[in-house]
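The following comprises the amino acid sequence and a computationally predicted model.
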Amino acid sequence: MEFQKKLAATETPIPGMLLFDLPVHGDNRGWFKENWQREKMMALGLPDFSPVQNNISFNDKAGTTRGIHAEPWDKFVSVATGRIFGAWVDLREGPTFGSVFTAELDAGKAIFIPRGVANSYQTLEDNTSYVYLVNDHWSPDAEYTFLNLADETVNIAWPIPLEQAEVSDKDLAHPRLADVTPMAPRKILVLGADGQLGKALRAEYSDDASVEFADRNTFDLLDPASFRTRHWRKYSTIINAAAFTAVDAAETSEGRQAAWALNVTAVAELARIALEAGIVLVHVSSDYVFDGSRASHDEAEGFTPLGVYAQTKAAGDAVVSVVPRHYVIRTSWVIGDGPNFVRTMASLAEKGVSPTVVNDQVGRLTFAEDLAAGIKHLLDVEAPYGTYNLTNDGDPQSWADIAAEVFELSGRARSSVTGVSTSEYFRGKTAAPRPSNSVLDLAKITDTGFRPQLAATRLKNYLENSK
């Protein structure tokens, strides 16, 4: 073989599949190569696919032909001894279904094969050792897709005709391309699908069959069995819309335990799974990670949580930050389908009640539909991983200001709402400390191309649609 001196990667016609030239260093004793080198290969475009198993297929004779098999995991294929003719067929859903790429591999070549691209090869020399790394373990429940070696549509030009090759009857009995069901993409899993944001995410992804929704009945974040019984490699993304949000209850002994369990311990388990399975983790956070001492909070500001709930949200953010592919979405004052401040004020207005509302906490409303749209946007455009603030836009308001606006839109006088300080409102009650200023800077997310709607516009629409 000819010794290679430089690592290089070449894109193939099949999206995501890379062909590598491997440096092979030889002398009179033999040769040496770095068969898989994570850091260097990632710099050339190889995804960090986190292999969990190394397999070797030894083939006695030239002409041994295997495949065409597509598995729900990625592969990194190389040759230790001998030489092969490799053939790969894209069996994934999409416009490249049925695309074919072929190449010869020896010790100086390797190829990365994405999930859903079918792999096959024919040995060109005796005593050929075919080596492959995979990033998941075989499971009888996993989705496998097979194609007939002799399929006329893909028409692979095998160097040794199949009639003369060593082929299994099984590989010649698989379906033709016209009868193959394309492999579906990895799924998005939404946790907390019964909450305000979860319902908005259901609406946002209503036409997408690749999104799976789990509420507290189908996935209990506090039950270890929920984590153990799920095949995580079939997911590309987890959106964690579940949280303990009873801010004042978190100040009690029982509430403190529940808040830490759901907002930190469960999140740590999701982070571990995302790290091990190469999953994108989207985690919804809160303005409460700040004490509100600044006029506006950007994503670089350090944590200054005040109460127990705030401390658990800050801890959850810190845990998620260790996942290489993560989005922490900081938001505030969420309004969606379910009990919330706006609905309460509208109900009071309808009943003729004149409420007293806090006037020294300032922020912006976040309507769940816009929060869901912003999350989908970040995933669709593959925005750089990290933390993003996401609320509706417009002038900051106090809770009393928003209540007065709800009353006006409901046909009541703004003066029906009386402002009061936080300390006076909660006097004599068990209450968590709250940030006085919850305004989140939106520059970072708008730089990705997402433009949050004005809170005032959304509020008007929300009330009109709630009638």
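Perfect, thanks for sending it.

ok now do the residue positioned nearest the centre of the chain, which residues does it touch?
Compute the mean C-alpha point of the chain, and by Cα atoms, centre = their mean the closest residue is residue 237, 2.4 Å away. Neighbouring residues of residue 237 by Cβ atoms under 8 Å, 6 or more residues apart in numbering: 186, 187, 188, 189, 279, 280, 281, 282, 379. Bear in mind the C-beta positions are built from the backbone N, C-alpha and C, glycine included.

before we move on, what about residue 293?
304, 436, 437 are the contacts of residue 293 under Cβ under 8 Å, 6+ apart.

The last one contacts residue 360, doesn't it?
I take that to be residue 437. No - counting by Cβ atoms under 8 Å, residue 437 stays clear of residue 360, with 9.6 Å between them.

Go through stretch 455-465 and flag the buried ones.
Within stretch 455-465, the residues scored as buried using 16 or more other Cβ atoms under 10 Å are 455, 456, 458, 459, 462, 463.

isn't residue 455 right up against residue 370?
No - here residue 455 does not reach residue 370: they are 9.1 Å apart, not a contact under Cβ under 8 Å.

domain ranges for this protein?
8-179, 187-466 (automatic domain parsing).

can you list the ones you listed in CSV and add mean pLDDT?
Putting the domains of the chain into CSV (pLDDT from 0 to 100) gives the following:
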stretch, mean pLDDT
domain 8-179, 93
domain 187-466, 94
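
what about the helices in this protein?
38-43, 196-204, 224-228, 253-260, 266-277, 308-320, 341-351, 368-380, 399-409, 422-425, 443-446, 455-466 (DSSP state H).

The second one to helix 368-380, inter-axis angle?
Just to be clear, that refers to helix 196-204. 60 degrees (axes from the mean of the first three to the mean of the last three Cα atoms, to 10 degrees).

quick one, what contacts residue 162?
Here residue 162 is in contact with 65, 149, 150, 172 (Cβ under 8 Å, 6+ apart).

How about residue 65?
Counting by Cβ under 8 Å, 6+ apart, residue 65 has contacts 120, 121, 122, 123, 149, 158, 160, 162, 165, 166, 167, 171.

of those, buried ones?
Judged by 16+ other Cβ under 10 Å, buried ones among the contacts of residue 65: 120, 121, 122, 123, 149, 158, 160, 162, 165, 166, 167, 171.

returning to that earlier point: from the contacts of residue 237, which single one is nearest residue 87?
residue 186 (24.1 Å; Cβ to Cβ).

State the number of residues packed around that closest one.
19 (other Cβ atoms under 10 Å).

do you know how far it is from residue 281?
14 Å (Cβ to Cβ, to the nearest Å).

I'd like to know which of the contacts of residue 65 are part of strands.
120, 121, 122, 123, 166, 167 (DSSP state E).

For the first one, which non-adjacent residue is spatially closest?
Read that as residue 120. residue 67 (2.3 Å; Cβ to Cβ, 6 or more residues apart in numbering).

Settle this for me: that neighbour is touching residue 121, isn't it.
Yes - the criterion here is Cβ under 8 Å, and residue 67 meets it with residue 121 at 6.5 Å.

which residues are common contacts for the two?
Common neighbours of residue 67 and residue 121 (Cβ under 8 Å, 6+ apart) are residue 87.

So which residues of the stretch 51-200 of the chain form strands?
Assigned by DSSP state E, counting those that start in this stretch, the stretch 51-200 of the chain shows strands spanning 53-59, 64-70, 75-81, 84-90, 100-105, 109-113, 117-123, 128-134, 145-146, 166-167, 187-191.

got TSV for those strands, with distance to residue 351 too?
Putting these into TSV (distance: least, Cβ to Cβ, whole Å) gives the following:
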stretch	distance to residue 351
strand 53-59	64
strand 64-70	61
strand 75-81	64
strand 84-90	61
strand 100-105	68
strand 109-113	64
strand 117-123	62
strand 128-134	63
strand 145-146	60
strand 166-167	79
strand 187-191	35
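
circling back to that earlier point, now, which of the ones in strands among the contacts of residue 65 sits nearest residue 154?
residue 120 (9.9 Å).

Spit out the contact partners of residue 308.
With Cβ under 8 Å, 6+ apart, residue 308 has these contacts: 250, 251, 255, 256, 259, 260, 432.

make that residue 247, sorry
288, 307, 309, 432, 434.

hmm, which two among the residues you listed are most spread apart?
309 and 434 (9.7 Å).

shared neighbours, these two?
With Cβ under 8 Å, 6+ apart as the test, residue 309 and residue 434 both reach 247, 288.

Look at those two and report which has more neighbours.
The neighbour count for residue 309 versus residue 434, taken as other Cβ under 10 Å, is higher for residue 309 (28 against 21).

mind listing what's buried in stretch 41-49?
Neighbour-count burial for stretch 41-49 [16+ other Cβ under 10 Å]: 41, 46, 49.

Look up how far residue 300 lies from the last one.
This points to residue 49. Taking Cβ to Cβ, one finds residue 49 at 31 Å from residue 300.

re the thing from before, turn the contacts of residue 65 into JSON lines, columns for distance to residue 9.
As requested, the contacts of residue 65 are exported to JSON lines (distance: Cβ to Cβ, whole Å):
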{"residue": "120", "distance to residue 9": "22"}
{"residue": "121", "distance to residue 9": "20"}
{"residue": "122", "distance to residue 9": "24"}
{"residue": "123", "distance to residue 9": "25"}
{"residue": "149", "distance to residue 9": "28"}
{"residue": "158", "distance to residue 9": "26"}
{"residue": "160", "distance to residue 9": "29"}
{"residue": "162", "distance to residue 9": "31"}
{"residue": "165", "distance to residue 9": "30"}
{"residue": "166", "distance to residue 9": "32"}
{"residue": "167", "distance to residue 9": "31"}
{"residue": "171", "distance to residue 9": "30"}
